[in-house]
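quick check, what structure comes out for this input:
(2 chains)
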Amino acid sequence: ILNVEQSPQSLHVQEGDSTNFTCSFPSSNFYALHWYRWETAKSPEALFVMTLNGDEKKKGRISATLNTKEGYSYLYIKGSQPEDSATYLCASTGGGADGLTFGKGTHLIIQP
Amino acid sequence: GAGVSQSPSNKVTEKGKDVELRCDPISGHTALYWYRQSLGQGLEFLIYFQGNSAPDKSGLPSDRFSAERTGGSVSTLTIQRTQQEDSAVYLCASSLAGARPEQYFGPGTRLTVT
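Sure, this is the predicted structure:
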């Protein structure tokens, strides 16, 4: 069983500021790390799937890095906008079940 | 194209009753997953279907939970003799086959057991 931890649990950020948060996961038996954004009353939306140590992915103002040796990933948001307000989930999958093991998420609130 | 759909969107049931939750995956997606999110908890994996292979049921919390996938498409999650701790949002996701692709989620079914 994988334990995926996310911090902080919630975060208030001023519009225009940049922010980042952390996902940690067991580095043994690792295969892939997923990031999702979950807005209220909507479905979770995939942001990134990362598998390689040192990988960095970018989508607009959002980027993510991956360190599989030490078992962590960072998600960065540059120049936060109100529409970035959501819960950001990370999930890991190992060599066993293909179901994802999710963290509890970071609830991000962008204040105008 | 159409995304993953789930029905009903909300379900209120009395303790002890059986419920069925439905998921229609994206056409062509061979993998289908069920998760649930209980209050204050993260998303919890329940069961995974891949093509015609036997499903991975390792996440089902008890034998009151079962799921089937007919014709490799629509899936039904059944909870028998519901308990209050079954109250949660039940999410379905689908994906293409291959090496751990991204999963596309439905809007979920909010189940409340009174």
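
with adjacent residues omitted, what lies nearest to the residue in chain A positioned nearest to chain B?
Residue nearest to chain B within chain A: residue A:99 (3.4 Å; Cβ to the nearest Cβ). Glycine gets a C-beta too; all of them are placed from N, C-alpha and C. In this structure, residue A:99 finds its nearest non-sequential neighbour in residue B:45, 3.4 Å apart by Cβ to Cβ, 6 or more residues apart in numbering or on different chains.

so the one you found bridges to which residues?
Under DSSP bridges, the beta-bridge partners of residue B:45 are residue B:35.

what do you get for residue A:38?
Taking DSSP bridges as the rule, residue A:38 bridges to residue A:87.

ok, it touching residue A:87?
Yes - assessed by Cβ atoms under 8 Å, residue A:38 is found in contact with residue A:87 at 4.6 Å.

quick check: neighbours shared by those two?
Shared contacts of residue A:38 and residue A:87 (Cβ atoms under 8 Å, 6 or more residues apart in numbering or on different chains): residue A:105.

could you pull up the residues touching the residue of chain B found nearest chain A?
Here the residue of chain B nearest chain A is residue B:45; by Cβ to the nearest Cβ that distance is 3.4 Å. Residue B:45 is in contact with A:97, A:99-102, B:33-35, B:58-59, counting by Cβ under 8 Å, 6+ apart.

next one: residue A:34
A:46, A:48-50, A:90-93, A:100, B:102-103.

right, and the helix or strand after the helix or strand encompassing residue A:31?
For residue A:31, the host element (DSSP states H and E) is strand A:30-38. Once the chain leaves strand A:30-38, the next helix or strand it forms, by DSSP H and E, is strand A:45-50.

chain neighbours aside, what residue packs nearest to the spatially most central residue of chain B?
Nearest to the mean C-alpha position of chain B, by Cα atoms, centre = their mean, lies residue B:34 at 3.2 Å. Nearest non-adjacent residue to residue B:34, counting by Cβ to Cβ, 6+ apart: residue B:46, 4.2 Å away.

gap between that neighbour and residue B:103?
13 Å (Cβ to Cβ, to the nearest Å).

again, but for residue A:100
As for residue A:100, its distance to residue B:103 is 7 Å (criterion: Cβ to Cβ).

so for these two, which residue has more residues nearby?
Ranked by neighbour count (other Cβ atoms under 10 Å in any protein chain shown), residue A:100 and residue B:103 place residue B:103 first, with 27 against 24.

TSV for the contacts of residue A:34, including pLDDT?
TSV is the format used below for the contacts of residue A:34 (pLDDT from 0 to 100):
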residue	pLDDT
A:46	93
A:48	94
A:49	92
A:50	92
A:90	95
A:91	93
A:92	90
A:93	84
A:100	86
B:102	84
B:103	90
